[in-house]
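Student: just coords:
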């Protein structure tokens, strides 16, 4: 029996869910698999999320203190305490309602972040699945934060805007369905990231968003993006692979983007390195 005649369900029956995730792009390209692709996509995404959960440890989110009327405390308020000074100040201004009573409380400090990810042909198969695990690690740590995600190959595509509220499952499925094209337009990815950063800054005060760029440092379309790096407030470059010829560009991008370079020699370690980057961002040391 030829491969084309093999029942697709029978073909995948002996595969682990992680095997399905690493071969998802291969299966998606087969006409014989078309009817079960939704099941394979869901199975792949769940396997990726499970692997991301297995990497996570204890991460302490930075907190910030606020003061608010006691009857309007937000649902995520932690350690609320009566604020005598603010209550007295408000009473002097003539408050005569339940707003007379003010509380101090703590809430997790929002972490705005843009992820810019290479999804060209060099990132298919297991590389793509492990990259998806790294993205899931970020979203699991920042479920309610303004996280934007951009994929680039021939062009840049927005997979998630910072304001969009979607499940991690849906995001991973979107990522798995990004078509891998032949060219790597690093410049386009960085331009799209900067536009997203500017959009976040126009609606949020405080610390500028960080950008994490996942790349092997090679580009086959567009210009050398080094000129673009100084426009970033904080650019963390995660260089994937052992190729040394592209290391200089990655070093330049990180240095001129006022960030850091993290080398990921073995792709298996990408999710773990991403977890380390997340912890450093929370501590303000990345």
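Tutor: Now that the structure is in, tell me what you want to look at. Computed from a predicted model, the values in this text were never measured in an experiment.
Student: Distance from the chain centre to the helix or strand residue 191 falls within, please.
Tutor: In this assignment (DSSP states H and E), residue 191 forms part of helix 186-203. In this view, helix 186-203 has its centroid 14 Å away from the chain centroid, taken as Cα atoms, centre = their mean, to the nearest Å.
Student: helices or strands next to it in the packing?
Tutor: On a contact count with 3 or more Cβ pairs under 8 Å, 6 or more residues apart in numbering; DSSP states H and E, helix 186-203 meets strand 113-118, strand 147-152, strand 156-160, strand 210-215. From N, CA and C alone the C-beta is placed, and that goes for glycine too.
Student: Now tell me what touches the helix or strand where residue 255 lies from outside.
Tutor: Assigned by DSSP H and E, residue 255 belongs to helix 247-256. With Cβ atoms under 8 Å, 6 or more residues apart in numbering as the test, helix 247-256 has contacts from 213, 215, 217, 224-226, 229-230, 235-237, 239, 260-261, 263.
Student: Where do the domain boundaries of the chain fall?
Tutor: Domain assignment for the chain by automatic domain parsing gives 3-49, 63-108, 110-283.
Student: mind giving me JSON lines with these and columns for mean neighbour count, distance to residue 57 and mean pLDDT?
Tutor: Putting the domains of the chain into JSON lines (neighbours: other Cβ atoms under 10 Å; distance: least, Cβ to Cβ, whole Å; pLDDT from 0 to 100) gives the following:
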{"stretch": "domain 3-49", "mean neighbour count": "16", "distance to residue 57": "16", "mean pLDDT": "85"}
{"stretch": "domain 63-108", "mean neighbour count": "13", "distance to residue 57": "17", "mean pLDDT": "64"}
{"stretch": "domain 110-283", "mean neighbour count": "19", "distance to residue 57": "8", "mean pLDDT": "89"}
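Student: for whichever helix or strand residue 170 is part of, packing partners?
Tutor: Mapping residue 170 onto the secondary structure by DSSP H and E places it in helix 168-176. In this structure, helix 168-176 packs against helix 37-55, helix 126-141, strand 147-152, strand 156-160, with contacts taken as 3+ Cβ pairs under 8 Å, 6+ apart.
Student: Could you rerun that using 10 Å?
Tutor: On a contact count with 3 or more Cβ pairs under 10 Å, 6 or more residues apart in numbering; DSSP states H and E, helix 168-176 meets helix 24-28, helix 37-55, helix 126-141, strand 147-152, strand 156-160.
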